[in-house]
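In: Below are the sequence and a predicted model; questions follow.
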Amino acid sequence: MRVILILLITLSMTFAKSDKLSHIPPAKSLFLNTDLEVCDMYCMQELIDKGQIFTFLSHYDSSNEEYSSLRSAYSYYKRLFRVFDDAVLSIRVAVIVPQKTIRRYASTTVNSVIAYLASKQNNFEIKVFNSMDEQEHSIIKVLNEIKNENFEYVIAPVTKLGAQTIIENADYLNIYIPTVNKDVFDINKTNIVFGGIDYNKQVDELLKYANDRVAYFADGSDLSKSLNNLLIDKSPKIVYSKSISNSRVSFKRMLRHNRKLVKSSVFMNTPLVKTSLIASQLRVYGIRPYMMLSTQINYNPMLLTLTQYADRKNFYLANSIGKTTVEMEELNSLLGHDIVYDWVNYSTSIGIDYFYTNFFVPTASKSFSEAIIDNQVAYDISIERPQRYKFEKVLF
């Protein structure tokens, strides 16, 4: 599947006020190499270190494989000083989509990139590389295709498995992985930025609201197991735990006269539908926990619909999704998804914002406030409670 969007005229009519496109092409900068001596890779790096950027630009040859490690620096300064190969700026982004493993995010992450770039008045090209799965040979195949088509910037919504292959085989690309946190790996790759939620810190924040009697429900998924292990490591006393892996569970047998859950802090390490069902059944069987708690996995407006207010009255959720512009929210909504509650789409938007403001148009202002520290997006964490009609931030 290939998506190529050249939106200069369309977007100018949509987003501009009274500006008209000029028929005069923008000025280009040329840096001529007048040195007779050949400058190798070490010489080029020395030019950068000494701040001799114009000399570096004049020597750089994109066809020389020896300079591949300096491609990111060249791209940055090329855009900063408007050294364009074409008269009109062209932004090219590759998106790796392992359709079988990320499923619905196969389209929404692409749409998040499109929505962001559509808000900017530049030509851009997005190409989707569908690896289907995350087997090593599948990921390597699309990485080679991306390299052969001269893409330098890649958004890769993959799981830990796919991320590991990318880490080991993509030193020549600038990659943003919105779905995995850097702490999962013991690496220091400067060309890869991670945007995954920090569940470890979310659990820490939630435990500040819990008492010393901690319980949890799980569903057997990898994420659920990871959250369970975090609780076991951090909580001195786990009074009850239960994994619900199928729909045939007997809540009557599980909850009737279950005194262990009374006045306990119950972590819902389960997806939205199971969480809603458990919350309602706790009330049915007269169990009143000290409180219910959940990480990002249940921060979803559907929680307000799937549960009654009495079911969620004492529910606390951790949220790392911050604020963005109304325009960005509306553009994403027009493409059929949101970045207000969906953290993967939100993280993807941060990734393309990072590429845009650091490489494509370094003079542009950021649309997202999150900092990137040691190649990982640093999210703030707020604790929210589902009220009758909306989520409300808790002031600790």
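Out: Now that the structure is in, tell me what you want to look at.
In: And the strands in the stretch 101-250 of the chain, which stretches?
Out: 123-130, 153-155, 174-177, 192-194, 214-218, 238-243 (DSSP state E, counting those that start in this stretch).
In: Extract the CA atoms of the third one and return them as CSV.
Out: In other words, strand 174-177. Extracted as CSV, the C-alpha positions of strand 174-177 are listed here (Å, rounded to 0.1, in the frame of the first residue of the first chain):
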residue,chain,number,x,y,z
ASN,A,174,16.3,7.6,11.9
ILE,A,175,13.5,5.6,13.6
TYR,A,176,10.8,6.4,16.0
ILE,A,177,9.1,3.5,17.8
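In: What pairs with it, parallel or antiparallel?
Out: Note on strand 174-177: by DSSP bridges, its sheet partners are strand 153-155 (parallel), strand 192-194 (parallel).
In: pLDDT score assigned to the nearest residue to Ile102 once chain neighbours are set aside?
Out: Nearest-residue entry for Ile102: Pro157, 5.5 Å, with adjacent residues in sequence omitted and distances by Cβ to Cβ, 6 or more residues apart in numbering. C-beta: built from backbone N, CA, C; applies to glycine. Pro157 carries a pLDDT score of 97 in this model.
In: From Trp343, how far off is Pro157?
Out: 12 Å (Cβ to Cβ, to the nearest Å).
In: which of these two has more neighbours?
Out: Pro157 (29 against 20; other Cβ atoms under 10 Å).
In: My guess is the more buried one contacts Pro178. True?
Out: Yes - using Cβ atoms under 8 Å, Pro157 is in contact with Pro178, at 5.4 Å.
In: who touches both of the two?
Out: The contact sets of Pro157 and Pro178 overlap at 109, 344, 348 (Cβ atoms under 8 Å, 6 or more residues apart in numbering).
In: Can you add neighbour count and pLDDT and give those back as a markdown table?
Out: Listed next are the shared contacts of Pro157 and Pro178 as a markdown table, based on neighbours: other Cβ atoms under 10 Å; pLDDT from 0 to 100:
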| residue | neighbour count | pLDDT |
| --- | --- | --- |
| Thr109 | 29 | 93 |
| Val344 | 22 | 96 |
| Thr348 | 29 | 97 |
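In: Just send these back as a markdown table, with distance to Cys43 too.
Out: Shown next, in a markdown table, are the shared contacts of Pro157 and Pro178 (distance: Cβ to Cβ, whole Å):
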| residue | distance to Cys43 |
| --- | --- |
| Thr109 | 40 |
| Val344 | 43 |
| Thr348 | 38 |
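In: Tell me the one of the residues you listed nearest Lys393?
Out: Val344 (21.7 Å; Cβ to Cβ).
In: a markdown table please, covering the strands paired with strand 174-177 and showing distance to Ser68 and mean neighbour count.
Out: Output for the strands paired with strand 174-177, formatted as a markdown table (distance: least, Cβ to Cβ, whole Å; neighbours: other Cβ atoms under 10 Å):
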| stretch | distance to Ser68 | mean neighbour count |
| --- | --- | --- |
| strand 153-155 | 15 | 24 |
| strand 192-194 | 16 | 23 |
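In: now those strands in CSV, with distance to Asp380?
Out: Below are those laid out as CSV (distance: least, Cβ to Cβ, whole Å):
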stretch, distance to Asp380
strand 153-155, 23
strand 192-194, 17
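In: closest to Thr324 out of the ones you listed?
Out: Comparing the strands paired with strand 174-177 by Cβ to Cβ, strand 153-155 comes nearest, at 16.9 Å.
In: So what's the gap between the closest one and the chain middle?
Out: Put simply, strand 153-155 sits 12 Å off its chain's centre (Cα atoms, centre = their mean, to the nearest Å).
In: which residues are in contact with it?
Out: Contacts for strand 153-155 (Cβ under 8 Å, 6+ apart): 92-96, 109, 113, 146, 170, 173-176, 178, 348, 351-352, 355, 359.
In: likewise stretch 360-375?
Out: Counting by Cβ under 8 Å, 6+ apart, 76, 79-80, 89, 91, 116, 119-120, 122, 182, 188-190, 192-194, 322-325, 328, 349-350, 353-354, 356-357, 377-380 sit against stretch 360-375.
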